[in-house]
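[1] Compute the structure for the input listed below.
(2 chains)
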Amino acid sequence: MGGWGGFGGVWGDGEEGVRFDSTSLAAVIRVAGELMEVRVGLGVQCMGIKSGLCGHGFVLTGLVSLYSKCGDVDTARFLFEQIERPDFVSWNAMISGYSCNGETESAVRLFRELLHSGGEANSSTIVGLLPVFSPFGHLELCRCIHGFAVKSGVDSNVSVSTALTTVYSRLNEIEFATQLFDEAPEKSLESWNAMISGYTQNGLTEMAISLFRRMQTLKVQPNPVTITSILSACAQLGAVTLGKWVHELIVRENFQSNIYVSTALIDMYAKCGSIREAQILFDTMPEKNVVSWNAMISGYGLHGLGHEALRLFDEMSKAGVSPNGVTFLAALYACSHAGLVREGEKIFQLMSDYGITRGPEHYACLVDLFGRAGKLEEALEFIKGMPVEPGPAEWGALLGACMVHKNKALAQIASDNLFKLDSESVGYHVLLSNIHSSDGNYREAAMVRQAVKKRKMSKAPGCTLIEIGETVYTFISGDRSHPQSTAIYAMLEKLMGKMREAGFQPETDMALHDVEEEEKEQMVKVHSEKLAIAFGLINTKPGTEITIIKNLRVCLDCHNWTKFMSKLTQTGMPVMKLVPTTDGSTNKATVYAGVPEKGDTGKNLGVSEWLSEALRPLKGKGRRGKGGLAQHQGTDVLHVKEAMDVAKALASLKSS
DNA sequence: CTAGGGTTAG
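    Predicted coordinates:
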């Protein structure tokens, strides 16, 4: 039990006089647990053993908590059993220990034991029992616990209602969460934070922001936790104006030193297109953890700055921060999108040196690296040579690449394998359907579509966001719900006319021709990105920078359309610049507006009602990261595969 | 005194 030498200085060996008892020991253990200072905690435990105080209930309870926090529930349980007469705090500590470590069943079993032994459950017991860290698959249980809380009258307790709000949010049951929050008789800052974060992580970003505004109105002061969630919402939404306002608030309140806040700020700027701003913030960060590095590397990747991403990857190790799986994924993504095939392979090899296990996402990213660069055979060879069985992600990546490079034979191989593994995934069905129709095989394309319909599968609708002034507007394909709809379509007509005159040819290869009437109509609908761009051109002054953000990949036609427009620089036409630019992978384009239409410029449109309606299909996207539930399903993977055609589009843009 | 709710990267 060596290595807690620093401790001697505090209670120096030779210094007499200061005696400690079970109380001070328990207090120090608690602090050690909070700070995750395992060694200090263990040191205190040694002192306890030496002084014979370790048998004391308070001390043991503190240790139960400490070991639980460190993930060692077995030791915690052992210590719990040493407590002669455990009080309710001891029980709560052990129940919550199980729950925090994902051992939900054991937590429930112990809870039952507590009730059987005649013990009482108070609000803290409920809070500790709720599986907030591993809620997946436990909706029924949460409802039961909720019911128990109501019956025992503790549901009005702030901690209980906050914990319930959190757990329902993480189960994507946002209606339950909202109801609980609204009906809570008392709201703490934590309650507000739980609800805002719940909205953010379910993709209901505008709800998060509107709740934040309500908080401001009620003069509830936000703290760094609030700010972190709001920044995440801004990042998802591309709401850079609000993001900048929040940045000012951060400076005013001195929140910059909080690592969560500054990392979220970097992520927000990168995702909103201001990579330079993100970089400045990153460079001036006094302390960076692995998440900060990952955010910055991802940001570079998103902007097609592959070499910058790799430079950072190298610097990171030198700075003494070890990369993790996400770091490698971000670096591979950056290589893939910048066409750095050899570099990407090297990074992939490097993973074993760092002892990091390769997941399906890493393999798929490498398939994407080859596929995007047109090295389809190499991609197939790679899949065949994989040490683990290739899954839907890898075949999906290959299929996507085949679609872009129009390789029917390989696409067949990829899709055969894919459907064997993942016949439920909608994204791939759409991809396959498009391959068939691009080949003129409309009957097969229609059959695939039919299969999709039969299974009642649905795909997240394409949705484009644009910020004008301080409002974010949302467009879906064929949208006519906007008050300025007529002007938008007129603008599009005008642009199309000019472009055709200049020789623009729409990309129709991927369109479905021989399908049902209803679906044909679907194809005729104008994609949301064009609508958003037209809307932006109408509502901004000449020369204004407009950024659009899409939830899915920008289609080939829309990319070509934007690219073509960028060439048209004569007076009277909009001057456009593709922003991510070198790879387009961010589904983001920045447009410099030309001459706006007369009339409705700058009007306040008040479309917030239908905005939330339009975003409804995007909800329930699930909580990221925590809980270990893989979110790599159909559309997500498709989303990752995006923009393979962009590399080509940009190559031709460069050469022209 | 000992237990308990909210935060960043893919």
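[2] Now do the contacts for A:Ala532.
    Remark: with contacts taken as C-beta atoms under 8 Å, 6 or more residues apart in numbering, A:Ala532 is in contact with A:464-466, A:473, A:475, A:548. In short, each C-beta sits where N, CA and C put it, glycine included.
[3] would you turn those residues into JSON lines with distance to DNA strand B and pLDDT?
    Shown next, in JSON lines, are the contacts of A:Ala532 (distance: C-beta to the nearest atom of the strand, whole Å; pLDDT from 0 to 100):
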{"residue": "A:Thr464", "distance to DNA strand B": "19", "pLDDT": "75"}
{"residue": "A:Leu465", "distance to DNA strand B": "16", "pLDDT": "72"}
{"residue": "A:Ile466", "distance to DNA strand B": "20", "pLDDT": "79"}
{"residue": "A:Tyr473", "distance to DNA strand B": "23", "pLDDT": "80"}
{"residue": "A:Phe475", "distance to DNA strand B": "23", "pLDDT": "81"}
{"residue": "A:Ile548", "distance to DNA strand B": "18", "pLDDT": "71"}
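[4] Secondary structure and neighbour count added to these, as a markdown table?
    As requested, the contacts of A:Ala532 are exported to a markdown table (DSSP: H, G, I helix; E, B strand; the rest coil; neighbours: other C-beta atoms under 10 Å):
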| residue | secondary structure | neighbour count |
| --- | --- | --- |
| A:Thr464 | strand | 29 |
| A:Leu465 | strand | 26 |
| A:Ile466 | strand | 25 |
| A:Tyr473 | strand | 25 |
| A:Phe475 | strand | 27 |
| A:Ile548 | strand | 28 |
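[5] from the residues you listed, which two are the most distant?
    Distances among the contacts of A:Ala532 were taken as C-beta to C-beta; the most separated pair is A:Tyr473 and A:Ile548, at 9.9 Å.
[6] Mutual contacts of those two, please.
    Common neighbours of A:Tyr473 and A:Ile548 (criterion: C-beta under 8 Å, 6+ apart): A:465-466, A:532.
[7] which secondary structure elements does the helix or strand encompassing A:Ala278 contact?
    Secondary structure from DSSP states H and E places A:Ala278 in helix A:275-283. Packed against helix A:275-283, as judged by 3 or more C-beta pairs under 8 Å, 6 or more residues apart in numbering; DSSP states H and E, are the following elements: helix A:259-271, helix A:290-302.
[8] Could you check the angle it makes with helix A:290-302?
    Per axes from the mean of the first three to the mean of the last three C-alpha atoms, to 10 degrees, the angle that helix A:275-283 makes with helix A:290-302 is 160 degrees.
[9] and helix A:275-283, average pLDDT?
    Here helix A:275-283 scores 94 as its mean pLDDT.
[10] Same question for stretch A:352-359.
    Computed over stretch A:352-359, the average pLDDT equals 93.
[11] By neighbour count, which bits of that stretch are buried? Give me those.
    Taking 16 or more other C-beta atoms under 10 Å as the basis for neighbour counts, the residues of stretch A:352-359 that come out buried are A:356, A:358-359.
[12] so which of the residues you listed are also by DNA strand B?
    Residues of those in contact with DNA strand B (C-beta under 7 Å from any atom of the strand): A:Gly359.
[13] Mind putting the buried residues of stretch A:352-359 into CSV with secondary structure and distance to A:Leu129?
    What follows is these, written out as CSV (DSSP: H, G, I helix; E, B strand; the rest coil; distance: C-beta to C-beta, whole Å):
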residue, secondary structure, distance to A:Leu129
A:Ile356, coil, 35
A:Arg358, coil, 37
A:Gly359, coil, 32
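[14] ok, the buried residues of stretch A:352-359 vs DNA strand B, which is closest?
    Distance from DNA strand B was checked for each of those by C-beta to the nearest atom of the strand. The minimum falls on A:Gly359, at 6.7 Å.
[15] which non-adjacent residue is nearest the closest one?
    Spatial nearest neighbour of A:Gly359, excluding adjacent residues (C-beta to C-beta, 6 or more residues apart in numbering): A:Gly325 at 6.4 Å.
[16] for that neighbour, what are its contacts?
    The neighbours of A:Gly325, taking C-beta under 8 Å, 6+ apart as the test, are A:356-357, A:359, A:362.
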